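Asks: This is the structure alone, sequence omitted:
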């Protein structure tokens, strides 16, 4: 089956979302945070070919949304994406992020001045070996720089053809609404999963405005995959009904929760990749959804 036919079949099942209204992607993508080391610093594997093979396997399995960032490594993840997938096949959407700088493991610093954003975008273009970035997401709003200046810079890059669509990461509903008055926002990337629904109001706004919502930590930084505690009991119960793992149920819940949700779980393991992608085929029942939905209140 060719990629176009494959995407059409997924769309018929409600598993496709058009980013920016024009880039149809399967709603279960692949995040590259799992290809770098602890604290998002350095490579995860000594042999980069392991990560290259994993990226290629994801695309071969039908993934057409790859989510990365310039500061994963830093630079490492974007370079791996290009090494593995360039020249990019038709229909593959590469999303990256800019707007923060790194000084060490788990150390992040906002850098939203126009000159910083322009330089970061140009560097990502070089590393990704492309003339246009499909989705360029502002990794953090810089509190020291007016929002209009940050989004104005990205809009200029968009008009210059260097960015196709603009996204935001870790914003409130109010910030998103204000941003959408300044620039066309195609996506939001906030923390959201079965147990952490603090961004529910952001999701609601995304649904109303046709904005993609890429939840980060869709598996609660691994906690939901491990199935511990009260949530683990509910996940295990539902997983047993479907012959699935707790992690697969947590991802399936996201896909059922809203058509705007596009989880991009990351991993460094081929077996875990296959497990994650199989979650798209799980049809949860109303009873399953009621049991899982009650976990947030608990």
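Replies: Looks like it arrived, so ask away. This structure is a prediction, so every number in the text was calculated from the model and none was measured. Numbers count the residues shown, from 1 in each chain.

Asks: pLDDT below threshold where in the stretch 1-150 of the chain?
Replies: 1-14 (pLDDT under 70).

Asks: Helices along that one, start to end?
Replies: 3-12, 48-60, 76-85, 114-128, 147-159 (DSSP state H, counting those that start in this stretch).

Asks: Tell me which of those sits nearest to residue 256.
Replies: helix 3-12 (15.0 Å; CB to CB). (C-beta placed from N, C-alpha, C; glycine too.)

Asks: Residue 261 is nearest to which of the helices of the stretch 1-150 of the chain?
Replies: The minimum distance between residue 261 and the helices of the stretch 1-150 of the chain falls on helix 3-12, with 14.8 Å, by CB to CB.

Asks: rewinding a little: among the helices of the stretch 1-150 of the chain, which is the most enclosed?
Replies: Across the helices of the stretch 1-150 of the chain, the average number of neighbours (mean count of other CB atoms under 10 Å) peaks for helix 76-85, which reaches a mean of 23.

Asks: one step back: reformat the helices of the stretch 1-150 of the chain as TSV; add distance to residue 134.
Replies: TSV is the format used below for the helices of the stretch 1-150 of the chain (distance: least, CB to CB, whole Å):
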stretch	distance to residue 134
helix 3-12	15
helix 48-60	14
helix 76-85	12
helix 114-128	10
helix 147-159	11
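
Asks: Figure out which of those helices is closest to residue 196.
Replies: Of all the helices of the stretch 1-150 of the chain, the one in closest proximity to residue 196, counting by CB to CB, is helix 76-85 (23.6 Å).

Asks: Counting by contacts, list what the closest one packs against.
Replies: helix 48-60, strand 93-98, helix 114-128 (3 or more CB pairs under 8 Å, 6 or more residues apart in numbering; DSSP states H and E).

Asks: and the ones you listed as CSV, adding distance to residue 30?
Replies: Formatted as CSV, the helices and strands packed on helix 76-85 follow (distance: least, CB to CB, whole Å):
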stretch, distance to residue 30
helix 48-60, 4
strand 93-98, 11
helix 114-128, 15
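
Asks: if we can go back for a sec, out of the helices of the stretch 1-150 of the chain, flag the one nearest residue 140.
Replies: Ranking these by their distance to residue 140 (criterion: CB to CB) puts helix 147-159 first, at 9.8 Å.

Asks: Run the chain-centre distance for the helix or strand following the closest one.
Replies: Once the chain leaves helix 147-159, the next helix or strand it forms, by DSSP states H and E, is strand 163-169. In terms of CA atoms, centre = their mean, to the nearest Å, the centre of strand 163-169 is set 12 Å apart from its chain centre.

Asks: What of stretch 214-234?
Replies: With CA atoms, centre = their mean, you get 17 Å for stretch 214-234.

Asks: what comes up buried for that stretch?
Replies: Under the neighbour-count criterion of 16 or more other CB atoms under 10 Å, stretch 214-234 has 214-220, 223-225, 227, 231, 234 buried.

Asks: Lowest pLDDT pick from those residues?
Replies: Lowest pLDDT of those: residue 227, 67.

Asks: returning to that earlier point: Throw the buried residues of stretch 214-234 into a markdown table and include secondary structure, thanks.
Replies: Below are the buried residues of stretch 214-234 laid out as a markdown table (DSSP: H, G, I helix; E, B strand; the rest coil):
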| residue | secondary structure |
| --- | --- |
| 214 | coil |
| 215 | coil |
| 216 | strand |
| 217 | coil |
| 218 | coil |
| 219 | coil |
| 220 | coil |
| 223 | helix |
| 224 | helix |
| 225 | helix |
| 227 | coil |
| 231 | helix |
| 234 | helix |
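
Asks: Make CSV out of these and add distance to residue 243.
Replies: Converted to CSV, the buried residues of stretch 214-234 look like this (distance: CB to CB, whole Å):
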residue, distance to residue 243
214, 28
215, 25
216, 28
217, 26
218, 21
219, 19
220, 22
223, 22
224, 18
225, 16
227, 15
231, 20
234, 17
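
Asks: Determine which two of those are furthest apart.
Replies: Across the buried residues of stretch 214-234 (CB to CB), the longest gap, 24.8 Å, separates 214 and 234.

Asks: For residue 58, give me its contacts.
Replies: Taking CB atoms under 8 Å, 6 or more residues apart in numbering as the criterion, residue 58 is in contact with 30, 66, 273, 277.

Asks: what's the burial count for the closest residue to the third one other than its chain neighbours?
Replies: In space, and not counting its chain neighbours, residue 273 is closest to residue 267: 5.4 Å by CB to CB, 6 or more residues apart in numbering. Counted with other CB atoms under 10 Å, the burial measure for residue 267 works out to 23 neighbours.
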